[in-house]
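Novice: Please work out how this folds:
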Amino acid sequence: MTGPRQLPTRRSALAGVLALAACGALPAFAAEPFPSKPIQLILPFPPGGSFDPIFRTLGEAAAKDLGQPVVLMHKPGAGGVMGTASLATMNEADGYTISVMHNSVIRAPLVTKVTWDPLKDFTYLIGLAGLTTGIVVAADTPWKTLPELLADAKKRPGTISWGNVGAISINRIYGERLAKLAGTTFNMVPFKGGSEAFTAVIGRHLDVYGDPGFGPQVQGGKVRLLATFTSERLKTYGAPTVKELGYDLVIESPVGLVAPKNLDPKIAARLAAAFRKASADPAYLRQVELFDMQPNVIGGDEYLAYAKAQYQRDAKMLADIGFKPE
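Specialist: Here you go, the predicted model:
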């Protein structure tokens with residue numbers, strides 16, 4: 001006769017479970033699928049600018065594919081650099097915090113002291129579109145053309161105010177280069193964001209604004225577009241390019257999305273695929289068209305390659321104009 005069967009002890013049962021899990025027999029400790037919570041998208045500019053509706057519609061479209069909300073968070077400062085730069089100092093990259101990337105961030109180490117590297121401290125996810133820089137004045141100003149504005153500025157150097165977002169943007173630098181080529185200077189005024197600058201120029205507290213995001217203001221009749229820093233004229237407007245007016249100045253200014261460095265490639269690919277799909281969403285494309293952005297979707301590797309090349313171009317350009325870092 002055999003004795004009564006013994007029930008397994010609690011300790012032996014736990015040991016068995018752990019052994020099975022170690023052998024891969026139990027999926028009890030499998031990682032949660034990404035994403036399992038909302039994704040935060042940092043906009044490095046104040047509320048009310050052109051990036052708000054553009055990236056809100058993009059985020060809404062991406063959220064449909066990701067199955068989680070994409071929540072916009074404004075983090076302005078340093079001319080649109082501070083918000084994006086905050087990712088460079090994050091300890092962990094989990095894909096739940098991403099940011100808009102633009103050329104002022106790439107250029108930052110060339111013009112001021114920073115503790116991060118724009119080419120090493122981010123995971124480049126996707127390039128989305130190019131910003132279009134225009135030169136606008138209030139609709140009731142006497143300047144009807146860019147030559148008229150420059151002629152007046154030449155008579156009164158340093159008197160006419162010219163606004164840009166940030167003190168180190170390429171738009172600010174090219175505004176100064178234009179003035180130099182025309183034989184004059186402007187009173188350069190940095191703004192925190194486009195909404196603040198447009199309010200100033202429409203209210204005649206600022207004479208000229210030279211930045212992207214002018215579309216709705218021009219179409220609403222509040223400002224007059226004198227010229228654009230594009231290689232060709234925009235189809236929507238009759239304004240000439242700065243180049244065709246005799247000044248060889250063309251601004252290329254793409255924007256895209258980045259995450260902190262060392263992001264899991266699978267998560268990076270998931271995010272890139274969702275935002276690539278979202279970049280074809282009709283509501284997003286309407287906003288891009290409204291603000292005169294040029295769609296140009298590229299992958300993360302290509303965007304990083306562009307950033308590296310742009311860094312070298314900016315270094316040469318700043319050296320050529322004799323710019324001294326702050």
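Novice: neighbours around Arg107, how many?
Specialist: By the measure other Cβ atoms under 10 Å, the count of residues near Arg107 is 23. Backbone N, C-alpha and C define where each C-beta goes, glycine included.
Novice: ok, the residue lying closest to it once chain neighbours are set aside - contacts?
Specialist: Distances taken as Cβ to Cβ, 6 or more residues apart in numbering put Asp314 closest to Arg107, at 4.9 Å, once the chain neighbours are dropped. Neighbour list for Asp314: 103, 106-107, 110, 170 [criterion: Cβ atoms under 8 Å, 6 or more residues apart in numbering].
Novice: Return the subset of those lying in helices.
Specialist: Judged by DSSP state H, the subset of the contacts of Asp314 located in helices is 103, 106-107, 110, 170.
Novice: now, among those residues, which is nearest to Gly246?
Specialist: Looking at the ones in helices among the contacts of Asp314 and their distance to Gly246, the nearest is Ile170, at 20.2 Å (Cβ to Cβ).
Novice: What's the local residue count around that closest one?
Specialist: Using other Cβ under 10 Å, the number of residues around Ile170 comes to 24.
Novice: Surely it is in contact with Ser104?
Specialist: Yes. With contacts defined as Cβ atoms under 8 Å, Ile170 counts as touching Ser104 at a distance of 7.2 Å.
Novice: just the strands in the stretch 101-250 of the chain please.
Specialist: In the stretch 101-250 of the chain, strands defined by DSSP state E, counting those that start in this stretch lie at 122-131, 134-138, 161-165, 187-191, 208-211, 223-228, listed in chain order.
Novice: How many residues are close by Tyr247?
Specialist: Neighbour number of Tyr247 under other Cβ under 10 Å is 19.
Novice: residue contacts, it?
Specialist: Residues 178, 181-182 are the ones in contact with Tyr247 under the rule Cβ under 8 Å, 6+ apart.
Novice: picking up where we left off before, and the ones in helices among the contacts of Asp314, which is the shakiest by pLDDT?
Specialist: Between those, the one the model trusts least by pLDDT is Ile170, at 90.
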